[in-house]
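*Asks:* return atomic coordinates for the entry below.
(chains A, B, C and D)
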Protein chains: 4
Amino acid sequence: MQFAETDMAGIVHFSWYFRYMEEAEHALWRSLGLQIAPPGGRLGYPRVSASCDFKGPLHFEDEFEVDVRVEAVGRRSLRYGFTLRRGTDILATGAMTSVCVETVPDRGVRSVELPPDVVTRLR
Amino acid sequence: MQFAETDMAGIVHFSWYFRYMEEAEHALWRSLGLQIAPPGGRLGYPRVSASCDFKGPLHFEDEFEVDVRVEAVGRRSLRYGFTLRRGTDILATGAMTSVCVETVPDRGVRSVELPPDVVTRLR
Amino acid sequence: MQFAETDMAGIVHFSWYFRYMEEAEHALWRSLGLQIAPPGGRLGYPRVSASCDFKGPLHFEDEFEVDVRVEAVGRRSLRYGFTLRRGTDILATGAMTSVCVETVPDRGVRSVELPPDVVTRLR
Amino acid sequence: MQFAETDMAGIVHFSWYFRYMEEAEHALWRSLGLQIAPPGGRLGYPRVSASCDFKGPLHFEDEFEVDVRVEAVGRRSLRYGFTLRRGTDILATGAMTSVCVETVPDRGVRSVELPPDVVTRLR
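*Replies:* This is a model prediction of the structure:
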């Protein structure tokens, strides 16, 4: 990880772990041929919940991996589980749930069903 | 909130909610005459868990409040509950648990008991 | 400033100074009755340059002020100057230049003239 | 780049370019066998100036490169030049100057000369 991600305690600020989990989610989508935010697209996937248990610190220039698992694919929501590891050391475990929404011009956002190809590939 | 806190979905990125909760925690400490990171101090309060349920979006220049409650003061740990509100709309609820650690030069970090004045004032 | 804005050197990471300057810019617009990013608006003000000279560090919980001056209002661009102060100590001076652009659906972004009310009020 | 680095204008917020430049600097140090923030070290390299000219936007999931050049190695300071490219498109050019400082316990920070191995390898 990077210098700007540390805080004055000398370790990565906990809020970054949520960004690392999100980056792993997006890499998963790409690896399945999916785009979570295609240019001009009207669908989005905001979080409805996010949680993390922190088991060990990350230091500047540590290398680590984030494993991501799709834990549930509902009609309108997705749930992921995450494990952050440095080698065999587990640094954190987390979970995030997102819903699918559509942006309707001048009328805001409404919950919609997940697109069929997203459902198929994430399952 | 601020422009740099939004993302391309046009709303505040969810990771910022955790920073808003932390800022409310630190404001609470200050209001009680406590310093969470005094210059030269050896005690720290890393997170062991953090979670948030998101109920509504925050937009650029929205004003909002974060209510913080001390939910538990243990011998070595603290648990807070948070509510983010814009007026009477609840935008998110969250929780964070921290432990007290001491940095020992050249020997890393070890769990220690909360200082008595922290226990007294937070209770 | 806030804990998450510090880095492992114990001071605010320099990249935050640019965000503080931007926040001062947006506060200036609000104080003049202008909105830099009105909902549904098609105009934006991306940076074409930004610079900062750092003269002193910011620490956790330091309070500081950012003075902003409009240094030039062109037909298509704006230039600001900034001074970050803690009391009478000058911590940094900076400058930023933005251009006005219009987002054209399906055709990207093109440079346009500043709206007349922006020109009038910023001058 | 990543979703959390975008803003509501749909592109990477300009403040991230400074972090990308810093990451390129640190990668350069590593490639030369140098550590800019070794554990327990007392030397640091705060910025005294940073600037960037922005020539094109970065979008979500764009891949790009940052070229870094050491432009000057003084007795107490370092100056770098940067170019951000997506293929042959130049997205930004920047510069940063840092000084070498030593943290003296209980007495703060003072300017010192660059270590000889840093001078040798960066030249």
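
*Asks:* so the closest residue to A:Ser15 other than its chain neighbours, which of the three states?
*Replies:* Leaving aside its chain neighbours, A:Ser15 sits nearest to B:Phe18 (4.5 Å; criterion: CB to CB, 6 or more residues apart in numbering or on different chains). C-beta coordinates here come from the backbone N, C-alpha and C atoms, glycine included. Three-state assignment for B:Phe18 (DSSP: H, G, I helix; E, B strand; the rest coil): helix.

*Asks:* which residues are in contact with A:Tyr80?
*Replies:* Residues in contact with A:Tyr80 (CB atoms under 8 Å, 6 or more residues apart in numbering or on different chains) are A:Met21, A:Glu25, A:Val68, A:Arg69, A:Val70, A:Glu71, A:Ala95, A:Met96, A:Thr97, A:Ser98.

*Asks:* now, which of those residues lie within strands?
*Replies:* A:Val68, A:Arg69, A:Val70, A:Glu71, A:Ala95, A:Met96, A:Thr97, A:Ser98 (DSSP state E).

*Asks:* in chain A, which helix or strand is least confident?
*Replies:* strand A:108-111 (a mean of 89; mean pLDDT, DSSP states H and E).

*Asks:* up against chain B, what does chain A have?
*Replies:* When proximity is defined as CB under 8 Å from any CB of the partner chain, chain A approaches chain B at A:8-9, A:11, A:14-16, A:18-19, A:22, A:37, A:44, A:46-55, A:57, A:109.

*Asks:* buried among the residues you listed? Make that a ChimeraX selection.
*Replies:* Per 16 or more other CB atoms under 10 Å in any protein chain shown, the buried members of the residues of chain A next to chain B correspond to this ChimeraX selection:
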select /A:8,9,11,14,15,16,18,19,22,37,44,46,47,48,49,50,51,52,53,54,57,109
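
*Asks:* in strands only, show me the residues of chain A next to chain B.
*Replies:* A:Gly44, A:Arg47, A:Val48, A:Ser49, A:Ala50, A:Ser51, A:Cys52, A:Asp53, A:Phe54, A:Val109.

*Asks:* show the buried residues in the contacts of A:Tyr80.
*Replies:* Taking 16+ other CB under 10 Å as the criterion, what is buried in the contacts of A:Tyr80 is A:Met21, A:Glu25, A:Val68, A:Ala95, A:Met96, A:Thr97, A:Ser98.

*Asks:* chain D: which of the residues you listed is nearest?
*Replies:* For those, the minimum distance to chain D (CB to the nearest CB) is 9.2 Å, reached by A:Glu25.

*Asks:* check contacts around the residue most central in space within chain A.
*Replies:* Nearest to the mean C-alpha position of chain A, by CA atoms, centre = their mean, lies A:Glu22 at 2.6 Å. Shown in contact with A:Glu22 (CB under 8 Å, 6+ apart): A:Met96, B:Ser15, D:Gln2, D:Phe3, D:Ala4.

*Asks:* how much space separates the last one from D:Ala50?
*Replies:* Read that as D:Ala4. Separation of D:Ala4 from D:Ala50 (CB to CB, to the nearest Å): 22 Å.

*Asks:* what do you get for A:Ala95?
*Replies:* 38 Å.

*Asks:* before we move on, back to that, quick one: which of the contacts of A:Glu22 has the lowest pLDDT value?
*Replies:* On pLDDT alone, D:Phe3 ranks lowest of the contacts of A:Glu22, at 86.

*Asks:* what count of nearby residues applies to it?
*Replies:* Neighbour count of D:Phe3, defined by other CB atoms under 10 Å in any protein chain shown: 18.

*Asks:* next, it: phi, psi?
*Replies:* phi -60, psi -40 (degrees, to the nearest 10).

*Asks:* distance check, it against B:Tyr17.
*Replies:* Distance from D:Phe3 to B:Tyr17, by CB to CB: 15 Å.

*Asks:* same check on A:Arg110?
*Replies:* Computed as CB to CB, the A:Arg110 to B:Tyr17 distance reads 22 Å.

*Asks:* name the SS class of A:Trp29, please.
*Replies:* Classification of A:Trp29 by three-state DSSP places it in helix.

*Asks:* find the nearest non-adjacent residue to it, please.
*Replies:* A:Ile36 (4.8 Å).

*Asks:* check which helix or strand covers A:Leu84.
*Replies:* strand A:77-86 (DSSP states H and E).

*Asks:* who does that strand pair with, and is each partner parallel or antiparallel?
*Replies:* Strand A:77-86 has its sheet partners listed here by DSSP bridges as strand A:65-73 (antiparallel), strand A:89-99 (antiparallel).

*Asks:* and the contacts of the longest one?
*Replies:* Under the criterion CB under 8 Å, 6+ apart, residues A:17-18, A:21-22, A:25, A:45-58, A:64, A:71, A:76-85, A:111 lie in contact with strand A:89-99.

*Asks:* ditto for stretch A:100-108
*Replies:* Residues outside stretch A:100-108 that contact it (CB under 8 Å, 6+ apart): A:42-46, A:76-78, A:109-115, A:118, C:40.

*Asks:* same thing but 6 Å
*Replies:* Here stretch A:100-108 makes contact (CB atoms under 6 Å, 6 or more residues apart in numbering or on different chains) with A:Arg42, A:Leu43, A:Gly44, A:Arg76, A:Val109, A:Arg110, A:Ser111, A:Val112, A:Leu114.

*Asks:* likewise for stretch A:109-121?
*Replies:* For stretch A:109-121, contacts defined as CB under 6 Å, 6+ apart pick out A:Leu32, A:Leu34, A:Val73, A:Arg75, A:Arg76, A:Val99, A:Cys100, A:Val101, A:Glu102, A:Thr103.

*Asks:* do stretch A:38-48 as well
*Replies:* Residues from elsewhere that reach stretch A:38-48, judged by CB under 6 Å, 6+ apart: A:Met96, A:Thr97, A:Ser98, A:Val99, A:Val101, A:Glu102, A:Thr103, B:Ala9, B:Phe14, B:Phe54.

*Asks:* go with 7 Å
*Replies:* A:36, A:96-103, A:115, B:9, B:14, B:53-54 (CB atoms under 7 Å, 6 or more residues apart in numbering or on different chains).

*Asks:* quick check: end-to-end length of that stretch?
*Replies:* End-to-end distance for stretch A:38-48: 21 Å, by CA to CA, to the nearest Å.

*Asks:* ok, now stretch A:98-116?
*Replies:* Counting by CA to CA, you get 16 Å between the two ends of stretch A:98-116.

*Asks:* now stretch A:6-15
*Replies:* Note: stretch A:6-15 ends 10 Å apart using CA to CA.

*Asks:* likewise stretch A:51-67?
*Replies:* Start-to-end span of stretch A:51-67 (CA to CA) is 15 Å.

*Asks:* how far does that stretch sit from the chain's center?
*Replies:* 15 Å (CA atoms, centre = their mean, to the nearest Å).

*Asks:* average pLDDT across that stretch?
*Replies:* 95.

*Asks:* low pLDDT regions in chain A?
*Replies:* For chain A, no stretch has pLDDT under 70.

*Asks:* can you list the buried residues in stretch A:109-123?
*Replies:* Buried, per 16+ other CB under 10 Å, within stretch A:109-123: A:Val109, A:Val112, A:Leu114, A:Val118, A:Arg121, A:Leu122.
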